[in-house]
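Asks: Quick one: sequence and predicted model below, then my questions.
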Amino acid sequence: MDFQVVVLAGGTSKKLVPLVSKELPKALLPVANRPVISYVLELLEQSNLRDLIVVVESEESAFRVGGWISAAYVDRLHVEVAAVPEDVGTAGALRAIAAHLTASDILVVSGDLVCDVPPGAVAAVHRRHDAVVTAMLCSASITGPAELGSSGGKDKAKKPSRCNVIGLDPTKQFLLHIAAGTEVEKDLRVQKSILRAVGQMEIRADLMDAHLYAFKRSVLLEVLDQKENFQSLKEDVLPYLVRSQLRSEVLANTSLQAEENGNEKVSSQSNQVMLSQLLANASTQSFHELYAMGPNGSACVVKRTHKCCVYIASKGKYCARLNSIQAFNDINHDVIGEASHLSGYSFSAQNNIIHPSAELGSKTTVGPHCMLGEGSQMGDKCSLKRSVVGRHCRIGSNVKIVNSVVMNHVTIGDGCSIQGSVICSNAQLQERASVKDCQVGAGYVVTAGGEHKGESLAKKEKSPSL
């Protein structure tokens, strides 16, 4: 297919503290006891896209991610791991590896994407329309992104709801407008030129940008080079390409450019060649071609345009990004629940997964939509509901775990209660500790009898000595 694939794996996102750390970068966060990046890698492998560049922020995180990929996908994928500086943004990350991008088209996918939509479908739409960019859109979450932090306490004043506002042409093939994180109550500004050219626009607020894009390489590199202030693909590069599609500057250096030779007749002939080339790749004329030809269909000066396309996944498909603590919880619950086909595991008749090496005490129950990892032990009279427990955990007696994720090597004392929380690796909850809607960082000790609600509990980082 001649697509080069770039996976943007991030680093230690501040939105995910205390779940992430130098020892556990975002790409290795567990989803159903598998690193989140494994879901994208296997999705690409299923589409026979095996030659990848994985971009990770910071040398240390790149070393950890690269080491895991090398061990897990030996002889299956050819992966080059590239380290980029922290906080460069998604556009900055591609800018940093620009010299390694050599194919005519680039498929860019976020390493935190968990979905079952084949990337090849996006690539096919991109090639069929000869687009400069094609974005995959999925049905947005009904509840929307939740705010992090406590679910208790006094209710705060409600803020206007924010969502992606997306404008599509009547055929739902072309992207006419996109505004990320727009307040629904605010007026919407739409370019008159695009609206006039297309005739009508369908405005949607029920779709999310999945952060899976196909780019024409020459255009992508040109924009990254000319717009040095662009940091985000979603918030800078994509909106720019959409806004400028009827007054394109990005194709000025391609084979469609008319040579300026001072001869009006030759220039007119060249314009007709340009027009025929524009039309050659489309079975039916889009509004871009009609606009380029002018009102009478025979413009003396062909207007330069480019196409921004979309691939809209069907509603039955699963699509989510692990870009917040709430999303981490939701995706873990989904992958052992309604989206269990993504887990790669075989569920028992009780609709759960208990590793053969795990041990259960007397009168301990593991409900449906649960996972108990390799080598973990649960004492007597414990209850596990809609939760994931990682590998080699030691759980005492009379412990209740509900709607939670417990990572690896966690020790939980007798009589503890864990609800709606994330317990990171090597943490310890002493006897009768209770946590609700909390995040307990790696290695943190919750003291005996302690009660915590809506808190982020983590070790304080030592200040560097002078």
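Replies: Cool, the structure landed.
Asks: close enough to count as contact, residue 111 and residue 37?
Replies: Yes: with contact defined as CB atoms under 8 Å, residue 111 reaches residue 37; the gap is 4.6 Å. In this view, the C-beta of every residue, glycine as well, is placed from N, C-alpha and C.
Asks: Mind listing the shared neighbours of those two?
Replies: 7, 9, 27, 54 (CB atoms under 8 Å, 6 or more residues apart in numbering).
Asks: so which of those residues is the most crowded?
Replies: residue 27 (31 neighbours; other CB atoms under 10 Å).
Asks: how close does that one sit to residue 68?
Replies: Applying CB to CB, to the nearest Å, the value for residue 27 to residue 68 is 8 Å.
Asks: Leaving out chain neighbours, which residue sits closest to residue 351?
Replies: Closest residue in space to residue 351, ignoring its immediate chain neighbours: residue 368 at 3.9 Å, by CB to CB, 6 or more residues apart in numbering.
Asks: re the thing from before, just the shared contacts of residue 111 and residue 37 now: which is nearest residue 123?
Replies: Residue 123 has its nearest neighbour among those in residue 7, at 14.8 Å by CB to CB.
Asks: so what's that closest one bridging to?
Replies: Taking DSSP bridges, one obtains residue 54, residue 109 as the residues bridged to residue 7.
Asks: Verify the stated contact: it with residue 42.
Replies: No: here residue 7 does not reach residue 42: they are 11.9 Å apart, not a contact under CB under 8 Å.
Asks: for this protein, what are the low-confidence residue spans?
Replies: 1, 141-162, 181-188, 248-303, 461-466 (pLDDT under 70).
Asks: Repeat the analysis, applying 80 as the threshold.
Replies: Applying pLDDT under 80 to the chain flags the ranges 1-2, 141-163, 180-199, 247-304, 461-466.
Asks: Dump stretch 390-406 to PDB, restricted to CA.
Replies: Only the C-alpha atoms of stretch 390-406 are listed here, as PDB (Å, rounded to 0.1, in the frame of the first residue of the first chain):
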ATOM      1  CA  GLY A 390      -2.600  -7.500  37.800                       C
ATOM      2  CA  ARG A 391       0.200 -10.000  38.300                       C
ATOM      3  CA  HIS A 392       1.600 -11.200  41.600                       C
ATOM      4  CA  CYS A 393      -0.600  -9.300  43.900                       C
ATOM      5  CA  ARG A 394      -1.100 -10.300  47.500                       C
ATOM      6  CA  ILE A 395      -4.600  -9.700  48.800                       C
ATOM      7  CA  GLY A 396      -5.700 -10.500  52.400                       C
ATOM      8  CA  SER A 397      -9.000 -11.700  53.700                       C
ATOM      9  CA  ASN A 398     -12.300  -9.800  53.700                       C
ATOM     10  CA  VAL A 399     -11.200  -7.400  51.000                       C
ATOM     11  CA  LYS A 400     -13.700  -5.800  48.600                       C
ATOM     12  CA  ILE A 401     -12.600  -4.500  45.300                       C
ATOM     13  CA  VAL A 402     -15.300  -2.800  43.000                       C
ATOM     14  CA  ASN A 403     -14.900  -0.900  39.700                       C
ATOM     15  CA  SER A 404     -11.200  -0.600  40.200                       C
ATOM     16  CA  VAL A 405      -7.800  -1.400  38.500                       C
ATOM     17  CA  VAL A 406      -5.000  -2.900  40.600                       C
END
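Asks: Could you check that stretch and say which residues are buried?
Replies: 390-391, 393, 395-406 (16 or more other CB atoms under 10 Å).
Asks: out of those, which are inside strands?
Replies: Members of the buried residues of stretch 390-406 lying in strands (criterion: DSSP state E): 395, 400, 401, 402, 405, 406.
Asks: farthest-separated two in the residues you listed?
Replies: 400 and 405 (15.0 Å).
Asks: Isn't residue 55 up against residue 9?
Replies: Yes: assessed by CB under 8 Å, residue 55 is found in contact with residue 9 at 6.3 Å.
Asks: Skip the chain neighbours and tell me the closest residue to residue 366.
Replies: Looking at residue 366 with CB to CB, 6+ apart, the closest residue is residue 384, at 4.7 Å.
Asks: Next, give phi and psi for that neighbour.
Replies: Residue 384 adopts backbone torsions of phi -120, psi 120, taken as degrees, to the nearest 10.
Asks: Residue 39 too?
Replies: With angles defined as degrees, to the nearest 10, residue 39 sits at phi -70, psi -40.
Asks: so how far is residue 329 from it?
Replies: For residue 39 relative to residue 329 (CB to CB), the value is 16 Å.
Asks: number of nearby residues for residue 353?
Replies: Around residue 353 there are 22 residues (other CB under 10 Å).
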